[in-house]
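> Just to be clear, the model below is a prediction. Sequence and coordinates:
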Number of protein chains: 2
Amino acid sequence: METVEKLTKVLRNHSMKITPQRLMIFQILENNTSHPSAEEIFKRVKDIYPTVSFTTIYKTLEVLCDLGELRELTIDDARKHYDPNTNTHHHIICTSCKKILDVFEDFSPHVKLPESFRENYMISNFQVSFYGICKECN
Amino acid sequence: METVEKLTKVLRNHSMKITPQRLMIFQILENNTSHPSAEEIFKRVKDIYPTVSFTTIYKTLEVLCDLGELRELTIDDARKHYDPNTNTHHHIICTSCKKILDVFEDFSPHVKLPESFRENYMISNFQVSFYGICKECN
DNA sequence: AAGCTAACAAACAACTATTATCATTTAAAA
DNA sequence: TTTTAAATGATAATAGTTGTTTGTTAGCTT
């Protein structure tokens, strides 16, 4: 199912309202693999709804995160990034330009929490972050 | 070599000054596996040097990071954490209490950047972050 | 279609973590 | 001891984000 459709449904199921601003955000997130920050999303919505406020963006992103439809990435130390793909996958970030790319490789057969932690933690997921320099920055 | 001694040497080699404030920070970092935030370090230094400023803490942490003697962790979305162990290792964070523990397991034989990225990236390191709930929080 | 109401958007203020500025102080070399 | 480059700390500034308020609206109900 497409993102816009899916998110619309999920919000409806929680008796939340589908507003033009939110639809716009859904559209921006659809098939988005660029890991945008709140500001990037804000700018793009602003192009079409010049009166939209930053608060609305933050609030909507918060709602989507709470519903598990969006993942917050803390891979960049300057700001949060958002990823509509909530399936387990990994990232590579250029430490120079901060660009983040997806790494779709299933490491789960090999990356397991050591025995000693098993009884003390309920693991929900894990994330591999590769750090390096991209070709453009080198 | 102990942390205090090592960091003193490294700073001297870069003609930087060893101040009591810095020595205090070095001591706090020594064998520290609690991944403190700047604020936690600030508070502990303040206990002994009540006049110390936050700026000094941040500056010193920045210096140590630049010299590669300290690693900045971006695993918590609220604030940065610092880890004096700069050898490759991994972390598990409780999404409830935000406690961070070390995971010493060598995943490097299995976690490799896919072929497609190899020619476009110079990877310096990778990091596995496990997210879950610890026993105390559950 | 009209009315209702919880949820919403936007304006704005506030907050938190961090960084910058700069005058004063100090480590440590000469 | 003198010198000087560097560090400190007071203060202000900034960036990113969150909280509050008030008028508005989506979407249900009738």
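Nice, thanks for sending it over.
> going forward, measure contacts between C-alpha atoms and count neighbours the same way
Noted.
> is chain B contacted by the strand ranked longest in chain A?
In chain A, with assignment by DSSP state E, the single longest strand is strand A:121-134. Yes - legend: contact between strand A:121-134 and chain B by C-alpha under 8 Å from any C-alpha of the partner chain is shown at A:121-134.
> out of the residues you listed, who has the most neighbours?
Compared across the residues of strand A:121-134 next to chain B, A:Phe130 has the highest neighbour count, 27 neighbours, by other C-alpha atoms under 10 Å in any protein chain shown.
> how much space between it and B:Val111?
In this view, A:Phe130 and B:Val111 are 10 Å apart by C-alpha to C-alpha, to the nearest Å.
> just the helices in chain A please.
A:3-13, A:20-29, A:38-48, A:54-66, A:115-118 (DSSP state H).
> got CSV for those helices, with mean pLDDT and distance to B:Thr8 too?
CSV is the format used below for the helices of chain A (pLDDT from 0 to 100; distance: least, C-alpha to C-alpha, whole Å):
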stretch, mean pLDDT, distance to B:Thr8
helix A:3-13, 93, 54
helix A:20-29, 96, 49
helix A:38-48, 95, 41
helix A:54-66, 96, 44
helix A:115-118, 91, 35
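> Pipe those helices into a markdown table and attach mean neighbour count and distance to DNA strand C per row.
Output for these, formatted as a markdown table (neighbours: other C-alpha atoms under 10 Å in any protein chain shown; distance: least, C-alpha to the nearest atom of the strand, whole Å):
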| stretch | mean neighbour count | distance to DNA strand C |
| --- | --- | --- |
| helix A:3-13 | 15 | 7 |
| helix A:20-29 | 18 | 5 |
| helix A:38-48 | 16 | 9 |
| helix A:54-66 | 15 | 5 |
| helix A:115-118 | 11 | 27 |
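> Identify the bridge partners of the residue nearest the centre of chain A.
Nearest to the geometric centre of chain A sits A:Asp83, at 1.7 Å (C-alpha atoms, centre = their mean). Counting by DSSP bridges, A:Asp83 is bridged to A:Arg71.
> Retrieve the pLDDT associated with it.
Note for A:Asp83: predicted pLDDT of 97.
> if we can go back for a sec, dump the helices of chain A into TSV; add distance to A:Lys99 as well.
Below are the helices of chain A laid out as TSV (distance: least, C-alpha to C-alpha, whole Å):
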stretch	distance to A:Lys99
helix A:3-13	23
helix A:20-29	17
helix A:38-48	13
helix A:54-66	20
helix A:115-118	33
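> closest to chain B out of these?
Set against chain B and scored by C-alpha to the nearest C-alpha, the helices of chain A come closest in helix A:115-118, at 8.8 Å.
> Tell me how far the residue nearest to the centre of chain A lies from DNA strand C.
As judged by C-alpha to the nearest atom of the strand, to the nearest Å, A:Asp83 and DNA strand C stand 19 Å apart.
> Against A:Phe26, how distant is that residue?
Distance, A:Asp83 to A:Phe26, using C-alpha to C-alpha: 12 Å.
> next one: A:Tyr131
For A:Tyr131, the distance to A:Phe26 - C-alpha to C-alpha - is 29 Å.
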